[in-house]
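[1] Below are the sequence and a predicted model for it; my questions follow.
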Amino acid sequence: MTDRLRLTDYARGGGCACKIPPGELESLVAGLAPAVGAAELLVGLENGDDAAVVRLDERTGLVSTADFFTPVVDDAYDWGRIAAANALSDVYAMGGSPLVAVNLLCWPRDVLPLELAREVLRGGQDIAREAGCHLAGGHSVDDDSPKYGLAVTGLVRPEELITLDAGRAGLPLSLTKPLGVGVLNTRHKRTGERFEAAVAAMATLNRDAARAAVAAGVRCGTDVTGFGLLGHASKLARASRLTVAIDVARVPYLPGAREAVRDGYVSGGTRRNLDWVTPWTEFGAAGEADRLLLADAQTSGGLLVAGEVPGGTVVGELLPRGEHLVVLR
């Protein structure tokens, strides 16, 4: 029976495409101030970084984050792997290493078999094991739609923190995973077609890319998830008070991504991303297909960092602040 169930049928959106749109989210958190705690807050709400960081001592920062979403693929085990890799990515994006995590699970127990939920948890456990991160316990809720992710705690050296506001003009911008999982996931949801390259990319940890970035002296960056490359690039540009220039021809894509856009498999989240960035983006000669792919809502995407890293692709550079936050060329 479980072989005939399609998890994506139980999700209105899929993966990071189900996020609250970036413009609405910014309005939602505007004016909120972090609560005062005993430890020094190194990274908070100011720029929308990937995680919060507090200083434990001169050599140690504690990284805290949480991420969960609705099914992005139909295979329960793969969904668990992808959701866990995505949650752990927030720690890697800050230059840190995950230490311990707990599960976050919402499940329609009267609709979907619990054996599928077990497969989701098994996928998360295997990715946490690969990351060398303890995964124990968590919280579950009987909900109308399935959702899964992790709350993660990690460690980082304060001098190795990677943040959105540390960019410098003249630095190259590198992307460590190809784009296109959003449109491929949308095609998967509508047709049932399976895209192995997309699953492999989403389930790949950003651990090695983060270690390479730290070793290369990178101090500015983020991961590319639900707001798309353009959305995350614009957040970096705003925080660092610079302009991001992206060379459209250099951006790598997964096999089948362009065909998925051509055939109309574009999520509402991707279109909202494009609408959001349009006022401060100079599109140049980039056509509609390129614009949609660059705004494509990624799930468990790669890192976008200010610097060159082994295995990454240089897709642009940081420029002094001009008229636009993002320039395509």
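    That came through fine. Residues are numbered from 1 along each chain as shown.
[2] All the helices of the stretch 201-329 of the chain, residue numbers only.
    Here the stretch 201-329 of the chain has its helices, by DSSP state H, counting those that start in this stretch, at 207-215, 228-240, 257-262, 268-277, 288-294.
[3] Now the shortest one: buried residues?
    This points to helix 257-262. Buried residues in helix 257-262, counted by 16 or more other Cβ atoms under 10 Å: 257, 260-261. Any C-beta I mention is one placed from the backbone N, CA and C, and that applies to glycine too.
[4] before we move on, the earlier item: looking at the helices of the stretch 201-329 of the chain, which one is packed in the most?
    helix 228-240 (a mean of 25; mean count of other Cβ atoms under 10 Å).
[5] Alpha carbons only: can I get that helix in CSV?
    Written as CSV, here are the backbone C-alpha positions of helix 228-240 (Å, rounded to 0.1, in the frame of the first residue of the first chain):
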residue,chain,number,x,y,z
GLY,A,228,16.5,31.4,-4.7
LEU,A,229,20.0,32.6,-5.8
LEU,A,230,18.7,36.1,-6.6
GLY,A,231,16.9,36.4,-3.2
HIS,A,232,19.9,35.2,-1.1
ALA,A,233,22.3,37.2,-3.2
SER,A,234,20.2,40.4,-2.6
LYS,A,235,20.2,39.7,1.1
LEU,A,236,24.0,39.4,1.1
ALA,A,237,24.3,42.6,-1.0
ARG,A,238,22.1,44.5,1.4
ALA,A,239,23.8,43.3,4.5
SER,A,240,27.3,44.0,3.1
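[6] From the contact counts, what lies against it?
    Helices and strands touching helix 228-240, by 3 or more Cβ pairs under 8 Å, 6 or more residues apart in numbering; DSSP states H and E, are strand 221-223, strand 242-246, helix 268-277, helix 288-294, strand 303-306, strand 326-328.
[7] quick one: that helix to strand 242-246, angle?
    Going by axes from the mean of the first three to the mean of the last three Cα atoms, to 10 degrees, helix 228-240 is angled at 160 degrees with respect to strand 242-246.
[8] same question for helix 228-240, mean pLDDT?
    Helix 228-240 comes out with an average pLDDT of 97.
[9] Start at 750, not 1
    In the new count, where the first residue is 750, that last one comes out as helix 977-989.
[10] Tell me what angle it forms with helix 1017-1026.
    Computed by the same axes, to 10 degrees, the angle between helix 977-989 and helix 1017-1026 is 40 degrees.
[11] mind listing what the residue nearest to the spatial centre of the chain touches?
    In the chain, the residue lying closest to the centroid (Cα atoms, centre = their mean) is T974, at 2.7 Å. By Cβ atoms under 8 Å, 6 or more residues apart in numbering, T974 lies in contact with 765, 768, 835, 838, 981, 1046-1050.
[12] Read off the pLDDT value for it.
    Value listed for T974 in the pLDDT field: 95.
[13] Distance of it relative to H1073?
    T974 is 23 Å from H1073, where distance means Cβ to Cβ, to the nearest Å.
[14] No more questions from me, cheers.
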